[in-house]
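> Sequence and predicted model, in that order:
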Amino acid sequence: MRFSGHETFICKQFWLKKGYDFLIAGNRFGNENAVVELGVGKNMVSAIGYWMKAFGLCNDKWELSELSHYIFNNEGKDSYLENIGTIWLLHYLLVKENYASIYSLFFNKFRRGRVEFTSKQLEKYIESIVKEDNSYNVNTVTTDIMVLLRMYQKTDNTEGRIELEDMYSGIFNDLQFMSKLRTEKYGEKGLVDWFRISNEDKHSLPAEIVLFSILDNYPGMETISFKELEIGVNSPGIVFALNRDALYSKIEQITAKYKDVVFSSNAGVQVIQFKSVFNKWEILDDYYAEN
């Protein structure tokens, strides 16, 4: 498992485009000229490189992925991340890629047992999972948790501890995904913040992005159970925090648009079936053509 690498920086909205242009020009993040070329400090250079890998936009050899070209090249679908569907897509990729381990652990495992949580509960959970790993370091994991919370927490300009830069430039700011419920005082322990990601319909989440995630996560499968789509690893129900009704609503939207995607229920077993071969890139093409 991999923790740290972000230098305590959340991913800023313009960083991925900046990183893409930097790599497409033949540069590398380890080069001496990276600070000058990117126009940021040394720690930020490292952070941009980390987030490029974390989203699966490049590999360890700094080779750009097909999706990075699809989004960020000169004729890319959403070079400057102005479309909410792209932000949801990047969220899915961050969890699925599992380069930054905490995001997969958080969405695929930790949240299964609780919707409301404290940072300390998340820390204890991760410790229980990776305590046998000699590379485990409590300070590193604590920092990763801090960054995750800042990545997803709903912005509130009355919250003095949230940096202004995070409020307006975080890549997931528009998702408004995580709420801070309350702050409680526990004796001598001081204040404790509680957070929540609700399992509910995400109205800004496009059905095409859900379909892309299904095709990407279950390549070649012709029949997938509703239960798998609800609670399977990297499934839309898990990654996008959709309850049964919300997931069913997204599937209804998918089947209404794509007649060769059929949702059926036989003997109490609900499944989604693909009656023809679907290309996930064509699904994205359909979405961006209409948005």
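Ah, there it is. Numbers count the residues shown, from 1 in each chain.
> Now do stretch 87-100, average pLDDT.
Mean pLDDT, computed over stretch 87-100, is 98.
> I misspoke; the intended subject was stretch 39-52.
96.
> Can you give me the neighbour number for residue 109?
By the criterion of other Cβ atoms under 10 Å, residue 109 has 14 neighbours. Every C-beta, even on glycine, is put in place using the N, C-alpha and C of the backbone.
> no, scratch that, I was asking about residue 10
By other Cβ under 10 Å, 23 other residues sit near residue 10.
> same deal with the one 10 residues further on?
Using other Cβ under 10 Å, residue 20 has 22 other residues around it.
> Same question for residue 32.
7.
> what do you get for residue 277?
Using other Cβ under 10 Å, residue 277 has 9 neighbouring residues.
> quick one: secondary structure of it?
coil (DSSP: H, G, I helix; E, B strand; the rest coil).
> separation between it and residue 72?
The gap separating residue 277 from residue 72 is 27 Å, by Cβ to Cβ, to the nearest Å.
> what's the answer for residue 103, then?
21 Å.
> same thing with residue 95?
Using Cβ to Cβ, residue 95 is found at 20 Å from residue 72.
> Looking only at neighbour counts, state which of the two leads.
Neighbour count, other Cβ under 10 Å: between residue 95 and residue 72, residue 72 has more, with 24 against 21.
> quick one, phi/psi of the nearest residue to residue 171 once chain neighbours are set aside?
Closest residue in space to residue 171, ignoring its immediate chain neighbours: residue 11 at 4.6 Å, by Cβ to Cβ, 6 or more residues apart in numbering. Backbone torsions of residue 11, given as degrees, to the nearest 10, read phi -80, psi 120.
> In contact with residue 11, which residues?
By Cβ atoms under 8 Å, 6 or more residues apart in numbering, residue 11 lies in contact with 47, 51, 54, 55, 151, 170, 171.
> Could you export the helix or strand that contains the first one as PDB, CA atoms only?
Okay, so that is residue 47. Here residue 47, judged by DSSP states H and E, is contained in helix 42-54. Output of helix 42-54 as PDB, limited to C-alpha atoms (Å, rounded to 0.1, in the frame of the first residue of the first chain):
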ATOM      1  CA  LYS A  42       9.700  22.100  -5.500                       C
ATOM      2  CA  ASN A  43       7.200  20.500  -3.200                       C
ATOM      3  CA  MET A  44       4.400  21.400  -5.500                       C
ATOM      4  CA  VAL A  45       6.200  19.800  -8.400                       C
ATOM      5  CA  SER A  46       6.300  16.600  -6.500                       C
ATOM      6  CA  ALA A  47       2.700  16.900  -5.600                       C
ATOM      7  CA  ILE A  48       1.500  17.500  -9.200                       C
ATOM      8  CA  GLY A  49       3.500  14.400 -10.300                       C
ATOM      9  CA  TYR A  50       1.900  12.400  -7.500                       C
ATOM     10  CA  TRP A  51      -1.600  13.400  -8.400                       C
ATOM     11  CA  MET A  52      -1.000  12.600 -12.100                       C
ATOM     12  CA  LYS A  53      -0.200   9.000 -11.000                       C
ATOM     13  CA  ALA A  54      -2.900   8.900  -8.400                       C
END
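> Please identify the buried residues of it?
Applying a neighbour-count criterion of 16 or more other Cβ atoms under 10 Å, one finds 44, 45, 46, 47, 48, 49, 50, 51, 52, 53, 54 buried in helix 42-54.
> spatially speaking, which residue is in the middle of the protein?
The chain has residue 91 as the residue nearest its centroid, 2.1 Å off, counting by Cα atoms, centre = their mean.
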